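# Okay, sequence plus prediction incoming.
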Amino acid sequence: MMDAPMTFDLPRGRLVPVSRIEVRLDPGQHPWEIENAEAIEANWRREVSANPALFDGRTVLLSELTYTGGVLAGRCHAVHYATLLYWRDHRPTGAEHAFAHAALVCSDGALVAIRMAAHTANPGRVYFAAGSFEPTDVDADGLVDAEGNMVREVREETGLDISAVQHEADYLLFSQDGASVAFRRYHLGETADRVAARVAEYVKAQAQSEIEEAVIIRGRDDIPPGAMPYMKAFIDWHFGGK
């Protein structure tokens, strides 16, 4: 059992600034995963039957997340990817999901997102190159390293190295339906067309790429088909001159 009650106290459905992320990895198993083990396993068998390319790796789910004074603090647990997929379809009150998005801003002001490949768990969906936090995305103090996660995921999916790219200090948080995404803008020194071309070269060279293509977003009304619902809030904010 957990030492403290599960708490989720967040502003929902709007962007809010985040100056610091302090999400700690709890070594214990998530209670929700324990309680739903049989249903998770049965659902995983159905998921793999429909998509044999799925891999039951390790990711994290939250048992606590709060927003106070610009600080996003919480607790997460390592879970099976199968657990995350089952969570996605049920959105229970005892577990939530959080992830970080490196919003790639090009020299012409356009944004570059990605469209996920057909063999993934999110086929055709459009968002910024990203992935769930993993147990390896934890620093020496036991805290989730959101920046390290973004650098790794962008490199794995697009081939772009943003480790030395100028970025903004703060994040923007958008939370809805049990999922929270922290956006941070990274300012690239190339046009969107050039960045997209570099991503296309990388995708072509992969034996089985996680993404189908780069997607350029040039204005607040340029919402690509398949865009995740939360993307609109950030696109509106970015092209609103913020």
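Happy to help now that I have it. This structure is a prediction, so every number in the text was calculated from the model and none was measured. Residues are numbered from 1 along each chain as shown.
# pLDDT below threshold where in this structure?
Counting by pLDDT under 70, the chain contains low-confidence residues at 1-6, 242.
# mind checking how far the residue nearest the centre of it is from Cys76?
Closest residue to the average C-alpha location of the chain: Phe99 at 3.6 Å, with Cα atoms, centre = their mean. Distance, Phe99 to Cys76, by Cβ to Cβ, to the nearest Å: 11 Å. The C-beta positions use only the backbone N, C-alpha and C, and glycine is treated the same way.
# List the buried residues in stretch 186-201.
Neighbour-count burial for stretch 186-201, counted by 16 or more other Cβ atoms under 10 Å, picks out Tyr186, Leu188, Glu190, Thr191, Ala192, Val195, Ala196, Arg198, Val199.
# ranges for the helices of this structure?
Assigned by DSSP state H, the chain shows helices spanning 31-35, 37-50, 81-90, 146-158, 192-205, 231-239.
# so which of the ones you listed gets nearest Leu111?
Of all these, it is helix 231-239 that lies closest to Leu111, at 6.5 Å by Cβ to Cβ.
# ok, back up a step: out of the buried residues of stretch 186-201, who's nearest Phe234?
Tyr186 (13.2 Å).
# can you redo the buried residues of stretch 186-201 as JSON lines with distance to Arg14?
Below are the buried residues of stretch 186-201 laid out as JSON lines (distance: Cβ to Cβ, whole Å):
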{"residue": "Tyr186", "distance to Arg14": "23"}
{"residue": "Leu188", "distance to Arg14": "27"}
{"residue": "Glu190", "distance to Arg14": "32"}
{"residue": "Thr191", "distance to Arg14": "31"}
{"residue": "Ala192", "distance to Arg14": "27"}
{"residue": "Val195", "distance to Arg14": "29"}
{"residue": "Ala196", "distance to Arg14": "30"}
{"residue": "Arg198", "distance to Arg14": "34"}
{"residue": "Val199", "distance to Arg14": "31"}
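# residues contacting the closest residue to Ser163 other than its chain neighbours?
With Cβ to Cβ, 6 or more residues apart in numbering as the criterion, Ser163 has its nearest non-adjacent residue at 4.9 Å, and that residue is Val151. Contact analysis of Val151 by Cβ atoms under 8 Å, 6 or more residues apart in numbering lists Ala102, Asp161, Ile162, Ser163.
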